[in-house]
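Participant: My questions are about this predicted structure, shown below with the sequence.
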Amino acid sequence: MSDLVGLIWGSDAPASAVNIVHKYVGDLRRLLEPDLPHRTSGSFLVRHGNGYRFTADAGTLDLIAFRRLVAEAKASVSQGRPENAVEQYARALPLCHGNVGEALADSAGATAAFAGIDREFFDAAVSAADVAVRLRRPSLVIAPLRLAARMSRYNEPVHAGLIITLAALGLRAEALSVFQEMRARLSDDLGIDPGHDLQEAHRVVLTQTVPSAETAVPHDASPGEHGEHDALPDDPRPVSLVHPAQLPRGLPLFVGREPELERLTTSLGRMRADRRTGPMAVALDGMGGVGKSTLATHFAHAIADEFTDGQLYLDLRGDDREEGSPTAGDALSSLLYALGVPASHMPDTFDARMGTYRSLTAGKRFLLLLDNVRDAVQVRPLLPNSADSLVVITSRPRLAALDGAYRLRVDVPDHATARELLVRRLAGRAVRGAVHTAEGSIVDEIVELCGRLPLALAVLAARLIARPTLSLDGVVAELRDGDGVNRLGAFPGGRDIPDLRTAFSWSYRQLSAEAARLFRLMSLALGPGVTADACISLSGREPRSTRAALAELTEAALVTEDDAGCFSSHVLVKAYAEELLLGSESVIERDTATSRLLQHYLHSSLNAQALLKPHRAPAVPPPPLPGVVPECPATCDDAVAWFASQRQVLLEVVRLAADIGYGIVPWQLATTMHGYLQWAGCFQEWESIMRAALRAARQEHDVIGEAHVLRGLAGARFSVGAHDEAVGLLTAALSIYVERGMALEQGLVHSNLRRVHDVAGRDEVALDHSQKAVELYRIAGDRHTEISGLWETGQMLARLGRLTESAEILERALGLTVRLLNMHVESEIQNDIAADLIQLGRTAAALERLRHKARSERVPSPSARERSTADDAHGERGDQQTIRFRVRNDGVLPGIPP
């Protein structure tokens, strides 16, 4: 008891410490035996003197069972019964699943105890390997040896046993690879050379003196037939393996992917129906961590029974530049080993190996899974020589050069599937109930913050399981706070847990210098997608080289291109690119690239706005930086489509420019957008960017910019019915324009005020503002706005019944229109004049106006509607109606003509 109290509280134990320990023990008992009644000792934690004792037997505690089986195996070896020993080792070793205690040791004593148990496993694995190899049964111990090598990266006897066991299985290339990796690790990390065990294992592999698995001793042979275990037969006659079954273990938690599986199954059926001379092939491609290998393995297991001659598997490590992919010759050797060709019969040349492989696969039904393929060149020599065989391939790039293959792009799963994947991985954790109920919304948010990437969800689930005190709220807070470069910090790698950075870096390291630079810079993109022209401006390079870099990034599955031609990266890939950007590019380079990108959007927006309002002279910004390539819509429809596709990005550009204070002047972009935003009915967005631009203009003491923004903000507020606020904003803008002597801008504000007062029913005030606007347009010398002002004034006078004045004003507008050769506006004004004349009873003059309008439009005679209007004026209907035309926005509030 005193030991327990000391471990929990140290020297600060409370007076009730013993009672608390009793309570803890009761809780532990019910965890071990959930149905245990209160105040009952149960089967495992029993009182023992002044303390407690944990009681368990071999049926309960795997460590006891392990030690018993290992002791029996050693006894069998000493008694000359190696067959019994290898069976006992084969039952003992799988009881270990990894390092004992992991990171839970909180004292030197615990650390030593855990390490001692690990050493028991390592020693047993090495001893088991020795016996299994001598008995030609290496497959029984290969999995525990691989685990032991992962657990103890510097344990030379373990790695030596693994090397010899791999060689005994015919995996000579892998055995040599393990030796090379171990030698490099010892040299780089410890500064030492391999010891005797490793060197001897290497020599055995090179000289091919290891007993072959194909010369196996019959499993039912009695001990007396062979004597001691070191006097076993070494009959060199090969025994062919007629049915290889090498598929990796399927993922127990596999969920979803029904659409992809259906397409794969359908494609397989179609290929079987075709008249083929070569093997069937399906190629799954996509970004790292998206689940290609998991999907391919699941599909392969589902159809494995259809391929009666066996299933083969190779990891071609095409995404691992450091360790490198196996050569085509080594890959063929691995497949030949799996098909029963012993090392002694392995052809020496590549062509001979290929010929042997084709002979062994001819006319057979094999399923070959090639994982992590780099390119089509890796695949072609490995294709079976049979139209009834199937090759399933996974790769990051799309293997366009692989003729006849069905290609499937694997994307992140939908939200429901990704959520189920996370929930299943967290099943059994302390928050299990909360995952399904109270914290359901938190799980949904985690799924989206991970971008639904299966690898990210798996890493996060492993982290939550390894750290029971880590809450879902804490994870969400990390992901939110890590919006950008720090987000990857929520996905630390570790023992047996893949690292997202490593997964992404495999693709990044294969890029050319130009593509790698563009990848880093694309992390500065503001929206979910960025056009090729925006990328050109971002990079500042020659367009052809930037487009080539984009193609390379797409091929590497680091970016994707949608149907609209926009390029985007997964949210976590973008976070990785931002990490690289901060570590590789200087502050000046990052700021310059950001400025180029912002200027691209500003000048592109100016080009689009000029198409929609060709006679409105916007504020002219300074020339863009070298390398900026603005987009240039060709027609009004193109301009509207461009604004629609880039709307969210443009809003973010204004806000960013207002925040960082460089790149562009925020109000210059904001004022090019408000016409489209009004036309599209995006009034809240219109107001939002105007307020951001107003804040920036005032911070920079840009008074004229402030006036432009006040006028735009007034339009946004007027559009939602805030008329009095709009008048106040326009009045403030007008005072600045008057102070600066800006006649055209004053006229535009008066036109705006005319519209506000007109809608409010203040006709005379509205008319006064309209007349002031016309005079200011005349002073400014802007004939287009003067025509618009005269036209609006004439329409107002007509509505007020002042028809003669209306006709006179419209005549003035018509004269300017004829001078500017604006046939469309001339025709509209002619209609308005005809309407006034009809109201004044001058029907003949009105008809002459309409005939003139028809002649100018090359129409033989007035339209039926115009004739009807003229007939009404002759008295066929006593109630005269004025002709109504569309309300124009030009010169009133910023907008786009219908």
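Facilitator: That came through fine.

Participant: which regions of the stretch 351-500 of the chain sit below the pLDDT cut-off?
Facilitator: Where the stretch 351-500 of the chain drops to pLDDT under 70, the residues are 428-440, 481-486, 493-498.

Participant: Strands of that one, start to end?
Facilitator: Taking DSSP state E, counting those that start in this stretch to define them, one finds strands in the stretch 351-500 of the chain at 366-373, 390-395, 406-409.

Participant: Can you lay out these as a markdown table showing mean neighbour count and distance to Asp473?
Facilitator: Where you see a C-beta, it was placed from the backbone N, CA and C, and this is true even at glycine. What follows is these, written out as a markdown table (neighbours: other Cβ atoms under 10 Å; distance: least, Cβ to Cβ, whole Å):
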| stretch | mean neighbour count | distance to Asp473 |
| --- | --- | --- |
| strand 366-373 | 24 | 37 |
| strand 390-395 | 25 | 36 |
| strand 406-409 | 17 | 35 |
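
Participant: Select, out of the ones you listed, the one closest to Ser187.
Facilitator: With Cβ to Cβ as the criterion, Ser187 lies closest to strand 366-373 of those, at 26.9 Å.

Participant: Tell me the gap between the closest one and the middle of its chain.
Facilitator: Chain-centre distance of strand 366-373: 26 Å, with Cα atoms, centre = their mean, to the nearest Å.

Participant: and that strand with strand 390-395, angle?
Facilitator: For strand 366-373 against strand 390-395, the angle by axes from the mean of the first three to the mean of the last three Cα atoms, to 10 degrees is 10 degrees.

Participant: Neighbouring strands - and their directions - for strand 366-373?
Facilitator: According to DSSP bridges, strand 366-373 forms sheet pairs with strand 310-315 (parallel), strand 390-395 (parallel).

Participant: Show residues contacting the last one.
Facilitator: Applying Cβ atoms under 8 Å, 6 or more residues apart in numbering, the contact partners of strand 390-395 are 268, 279-285, 292-293, 296, 299-300, 303, 307, 318, 366-375, 379, 382-384, 399, 402, 405.

Participant: re the thing from before, include distance to Thr209 when you put the strands of the stretch 351-500 of the chain into TSV, please.
Facilitator: Shown next, in TSV, are the strands of the stretch 351-500 of the chain (distance: least, Cβ to Cβ, whole Å):
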stretch	distance to Thr209
strand 366-373	31
strand 390-395	35
strand 406-409	46
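
Participant: re earlier: quick check: which of the strands paired with strand 366-373 is nearest to Asp189?
Facilitator: For the strands paired with strand 366-373, proximity to Asp189 was assessed by Cβ to Cβ; strand 310-315 is nearest, at 24.7 Å.

Participant: which residues in the stretch 351-500 of the chain form helices?
Facilitator: Here the stretch 351-500 of the chain has its helices, by DSSP state H, counting those that start in this stretch, at 376-379, 415-425, 432-436, 440-449, 454-466, 472-481, 500-508.

Participant: To Leu31, which of those lies closest?
Facilitator: Closest among the helices of the stretch 351-500 of the chain, using Cβ to Cβ: helix 432-436, at 14.8 Å.

Participant: Find the helix or strand that Val653 is a member of.
Facilitator: Assigned by DSSP states H and E, Val653 belongs to helix 636-660.

Participant: buried set for that helix?
Facilitator: For helix 636-660, the neighbour count (16 or more other Cβ atoms under 10 Å) marks 639-640, 642-643, 646-647, 649-651, 653-658 as buried.

Participant: Contacts only, for Gln830.
Facilitator: Contacts of Gln830 by Cβ under 8 Å, 6+ apart are Leu814, Arg849, Leu850, His852, Lys853, Ser856.

Participant: Could you pick out which of those residues are located in helices?
Facilitator: If you go by DSSP state H, these have Leu814, Arg849, Leu850, His852, Lys853, Ser856 in helices.

Participant: I'd guess Ala281 is in a strand, am I close?
Facilitator: Yes: counting by DSSP: H, G, I helix; E, B strand; the rest coil, Ala281 is part of a strand.

Participant: Which residues are in contact with it?
Facilitator: Each residue near Ala281 by Cβ under 8 Å, 6+ apart is listed here: Val379, Leu383, Leu390, Val391, Val392, Ile393, Leu402, Gly404, Ala405, Tyr406.

Participant: cool, and Arg711?
Facilitator: Neighbouring residues of Arg711 by Cβ under 8 Å, 6+ apart: Leu729, Leu730, Ala733, Glu745, Leu748, Val749, Asn752, Pro894.

Participant: Closest to Leu247 out of those residues?
Facilitator: Nearest to Leu247 among those, with distances taken as Cβ to Cβ, is Pro894, at 64.7 Å.
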